[in-house]
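Student: have a look at this prediction, sequence included:
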Amino acid sequence: MRYSGLKVIKEALTGHKGWRPAWRDPEPKKQYDVIIIGGGGHGLATAYYLAKVHKITNVAVIEKGYIGGGNVGRNTTIIRSNYLLDGNEPFYELSLKLWEGLEQDFNYNAMVSQRGILNLVHTDAQRDAARRRGNAMILNGSDAELLDTNGVRAMYPFLNFDNARFPIKGGLLHRRGGTVRHDAVAWGYARGADMRGVDIIQNCEVTGFKIENGKCLGVETSKGFIGAKKVASCVAGSSSRVMAQAGMRLPLESHVLQAFVSEGLKPLIDGVITFGAGHFYCSQSDKGGLVFGGDLDMYNSYAQRGNLPVVEDVIESGMALIPALGRVRMLRSWGGVMDMSMDGSPFIDKTHIDGLYFNGGWCYGGFKATPASGWCYAHLLATGNPHEVATAYRLDRFRTGRMIDEKGVGPNPNLH
Ligand SMILES: Cc1cc2nc3c(=O)[nH]c(=O)nc-3n(C[C@H](O)[C@H](O)[C@H](O)COP(=O)(O)OP(=O)(O)OC[C@H]3O[C@@H](n4cnc5c(N)ncnc54)[C@H](O)[C@@H]3O)c2cc1C
């Protein structure tokens, strides 16, 4: 079913009896060309582009829970293309370009809103770093503007400018960045993939791999064995657990990240603001709630819930930046499990096992990567070769010394 304004009017006049479920609920077949493990944003985007771009439709997405129940439905919805390093920026720029045409492409309203992201700077050295990053972004086709204090003040007069400890000295503005309705991304890709013949199998957990003579022949699941020519893992925070079933130890750790939403307020923040002197970022949803987050909980976990010390830390950072937050009531918070890699950058690669592929290490920035991740993973699965913007995302980059350490903090997954 195509969605359109006319369809909405027709349904409104006929009692809404014509809507159909957005995707089917099929039983798994015995054999597929490609099995994608994980019905998060990346898994569903991969299935969508496999079917749409490469015409490979004998595909199953196997999801242990319900689609959108993982990080794709838990993140703070920020999209951007403001990376510094060559291995990263062309990839994220492709992603942002795909976001820009996504809703027309999959005929679904994902509320893509390019409302602009402002990264604040608080020292002269930070301003130099922001200028360098901005230049790298522009060289890769992205957009960047360096604002001085007055430029920031004109946009957000309520920030704490003259805080003696963290004075605001300007900011790097990335106008094409913004937010997207996160779970609608999962639904839009699911609907588009299903429409082209992909089976989305929910409530089906992958519990093992069938590997013979170095070749992966399929997956063991809670619904029995399912065969496939190619198996593509795409399970984000569960990556190390799933790939351990294939005997692989990955260069990543799982950590908890929390997100927070305040009560609904009148329009206050029309873009996304990030604090440069602490870890805090904030935007306002269309319902009026302030959506914000900060640091990881800093210990390894697979639990999708966070702890109070980080709540306190995030709110303190928020208060240092926006003192008016002290009057706002918090509505809810939740946690997600992040697959933090050793250099903070992701993987889209073949494994040493024939027919087994791996996509992961998205850390807490994988939502913005969803379209390009799906695009490049589908390219790898269909052609056997990495996409030109994802050639750096190799699993062996630590062995060969080709790390992509965007933050320059070394092999500390919790600091990236
Ligand atoms: C609080 C928070 C805030 C964030 N904010 C941002 C942000 O503002 N911007 C940004 O770019 N990124 C952000 N992220 C990161 C982003 O959400 C993730 O990097 C990204 O969503 C991960 O990819 P995914 O959508 O495919 O993951 P998921 O949605 O987690 O998908 C993985 C799926 O695999 C399934 N699975 C796991 N094990 C199995 C198994 N054995 N069998 C079958 N299925 C299995 C899971 O159930 C899950 O549905 C944030 C994350 C969190 C938690």
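Tutor: Structure received.
Student: make it CA atoms for all contacts and neighbour counts henceforth
Tutor: OK.
Student: around the ligand, pick out the residues from the stretch 301-416 of the chain.
Tutor: 335-337, 362-368 (C-alpha under 6 Å from any ligand atom).
Student: and those, which are buried?
Tutor: 335-337, 362-368 (16 or more other C-alpha atoms under 10 Å).
Student: these in strands, which ones?
Tutor: Applying DSSP state E to these, the entries found in strands are 335-337.
Student: tell me the contacts of Arg132?
Tutor: Arg132 sits next to Leu84 when contact means C-alpha atoms under 8 Å, 6 or more residues apart in numbering.
Student: the nearest residue to Val206 once chain neighbours are set aside bridge partners, please.
Tutor: Spatial nearest neighbour of Val206, chain neighbours left out: Thr221 (4.3 Å); criterion: C-alpha to C-alpha, 6 or more residues apart in numbering. Residues in a beta bridge with Thr221, per DSSP bridges, are Val206, Gly224.
Student: Thr221: how many residues sit nearby?
Tutor: 16 (other C-alpha atoms under 10 Å).
Student: distance-wise, check Cys282 relative to Leu381.
Tutor: To Leu381, Cys282 is 36 Å away according to C-alpha to C-alpha, to the nearest Å.
Student: what mean pLDDT does stretch 370-387 have?
Tutor: For stretch 370-387, the mean per-residue pLDDT is 98.
Student: just the buried residues of it, please?
Tutor: For stretch 370-387, the neighbour count (16+ other C-alpha under 10 Å) marks 370-382, 386-387 as buried.
Student: identify the residues contacting the spatially closest residue to Leu356 that is not a sequence neighbour.
Tutor: Once flanking residues are discounted, Leu356 sits nearest to Val231: 5.0 Å by C-alpha to C-alpha, 6+ apart. Val231 makes contact with 34-37, 216, 218-219, 355-357, according to C-alpha under 8 Å, 6+ apart.
Student: name the SS class of Val231, please.
Tutor: strand (DSSP: H, G, I helix; E, B strand; the rest coil).
Student: kindly report the same for Val311.
Tutor: Secondary structure assignment for Val311 (three-state DSSP): helix.
Student: distance of it from Gly294?
Tutor: In terms of C-alpha to C-alpha, Val311 sits 9 Å off from Gly294.
Student: give me the neighbour count for Leu85.
Tutor: Using other C-alpha under 10 Å, Leu85 has 16 neighbouring residues.
Student: tell me if I'm right that it and Lys407 touch.
Tutor: No - using C-alpha atoms under 8 Å, Leu85 is not in contact with Lys407; the gap is 9.7 Å.
Student: just want the most central residue of this structure.
Tutor: Residue closest to the mean C-alpha point of the chain, counted by C-alpha atoms, centre = their mean, is Phe367 at 1.4 Å.
Student: same for the longest helix anywhere in the chain, what does it pack against?
Tutor: Counting residues, the longest helix in the chain under DSSP state H turns out to be helix 89-106. Packing partners of helix 89-106 (3 or more C-alpha pairs under 8 Å, 6 or more residues apart in numbering; DSSP states H and E): helix 182-195, helix 370-383.
Student: now do that helix: distance to the chain's middle.
Tutor: Remark: helix 89-106 is offset 13 Å from the chain centroid, using C-alpha atoms, centre = their mean, to the nearest Å.
Student: could you pull out the helices for the stretch 51-200 of the chain?
Tutor: Listed in chain order, the helices of the stretch 51-200 of the chain (DSSP state H, counting those that start in this stretch) span 89-106, 124-139, 149-155, 182-195.
Student: residues making contact with the last one?
Tutor: Residues from elsewhere that reach helix 182-195 (C-alpha under 8 Å, 6+ apart): 22-24, 40-41, 44-45, 47-49, 51-52, 67-68, 72-75, 77, 106-110, 200, 367.
Student: buried ones among these?
Tutor: 23-24, 40-41, 44-45, 47-49, 51-52, 67-68, 72-75, 77, 106-110, 200, 367.
Student: restricted to strands, list those.
Tutor: Ile200.
Student: count of neighbours near Glu103?
Tutor: 17.
Student: how about Glu27?
Tutor: Glu27: 11 surrounding residues under other C-alpha under 10 Å.
Student: next one: Gly39
Tutor: 30.
Student: now Leu331
Tutor: Neighbour tally, Leu331, other C-alpha under 10 Å: 12.
Student: what does Leu325 give?
Tutor: Neighbour tally, Leu325, other C-alpha under 10 Å: 16.
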